[in-house]
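Colleague: Just the structure for this:
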Amino acid sequence: MSVGAALRSAVVDFYGQSWRLFLLNAALSAVVVPVAVGGLWVPALWGLLVLAGPLAAALLHCAVVVVRTEELAIREAIVGLRLHWRRGLALGVVVAAGTALGVHAISFYAGRGALVLAVLGVYLLLAFVAFQLVLWPLAVVETGVPARRVLGDAARALLARPLQALALTLALAVVNAAGLAAAVLPFLTLTIAYSALAVARFALPPTLEAQD
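Modeller: From the prediction side, this is the model:
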């Protein structure tokens, strides 16, 4: 599915399951936001963000259920957490490590006037995030499939549509930034779940989407 179609479909998906996704978004935010804010005073707390990985995987599981069936029950969050907590934790570690490394590299080179390398770091970090947006839905759908094969499938999917994946990454960054700017509440209750739906719509093969 194209980026525009994925974003539009996610709006319809969210509207149809709004109160359930509202609760799931709020539950994830309740874990992430206090840790992220607390890390501003005690940076070591940021290491706890990896614990959000299983919750994010459960949210992606729910997004996949919506894409496949156009229906969602709250119990699917528990099912998703039970099925994907190990993979979600591993992916959470990868995201945290990759993001920290990317931010450190950009700051390091920018602080030493190596702007070309700093800009390269920005591009590599964007590519890393785009890869995660493709990887997470596939990791949820391909449960039981070896991690190496899932990574290969995600890499092929990204290489098949690199510019579209980058466009989706930037679009969702804008959506979530707008949620933060709008008194934070939309980010806490809406935009993360919306992003999960858009990512699922974009990344999943058409045969796995709900049929009319």
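Colleague: quick one: the helices in the protein?
Modeller: Here the chain has its helices, by DSSP state H, at 3-16, 18-38, 52-69, 75-111, 115-141, 147-160, 162-181, 185-186, 192-203.
Colleague: which ones are touching V175?
Modeller: By C-beta atoms under 8 Å, 6 or more residues apart in numbering, V175 lies in contact with 191, 194-195. Quick note: C-beta positions are derived from backbone N, CA and C, even for glycine.
Colleague: Flag the least confident of the residues you listed.
Modeller: Within the contacts of V175, pLDDT reaches its minimum at T191, with 86.
Colleague: so which of the helices of the chain is the most packed in?
Modeller: Mean neighbour count (mean count of other C-beta atoms under 10 Å) peaks for helix 192-203 among those, with a mean of 26.
Colleague: for it, packing partners?
Modeller: Other elements packing on helix 192-203 under the criterion 3 or more C-beta pairs under 8 Å, 6 or more residues apart in numbering; DSSP states H and E are helix 3-16, helix 18-38, helix 52-69, helix 115-141, helix 162-181.
Colleague: Make a markdown table out of these and add mean pLDDT.
Modeller: Formatted as a markdown table, the helices and strands packed on helix 192-203 follow (pLDDT from 0 to 100):
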| stretch | mean pLDDT |
| --- | --- |
| helix 3-16 | 87 |
| helix 18-38 | 84 |
| helix 52-69 | 91 |
| helix 115-141 | 91 |
| helix 162-181 | 88 |
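Colleague: May I see these organised as CSV, with distance to L83 added?
Modeller: Formatted as CSV, the helices and strands packed on helix 192-203 follow (distance: least, C-beta to C-beta, whole Å):
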stretch, distance to L83
helix 3-16, 21
helix 18-38, 15
helix 52-69, 7
helix 115-141, 8
helix 162-181, 24
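Colleague: contacting residues for the most centrally placed residue in the chain?
Modeller: The centroid of the chain falls nearest to L133 when counting by C-alpha atoms, centre = their mean (5.4 Å). Shown in contact with L133 (C-beta under 8 Å, 6+ apart): 165, 168-169, 172, 199, 202-203.
Colleague: Alright, calling it a day.
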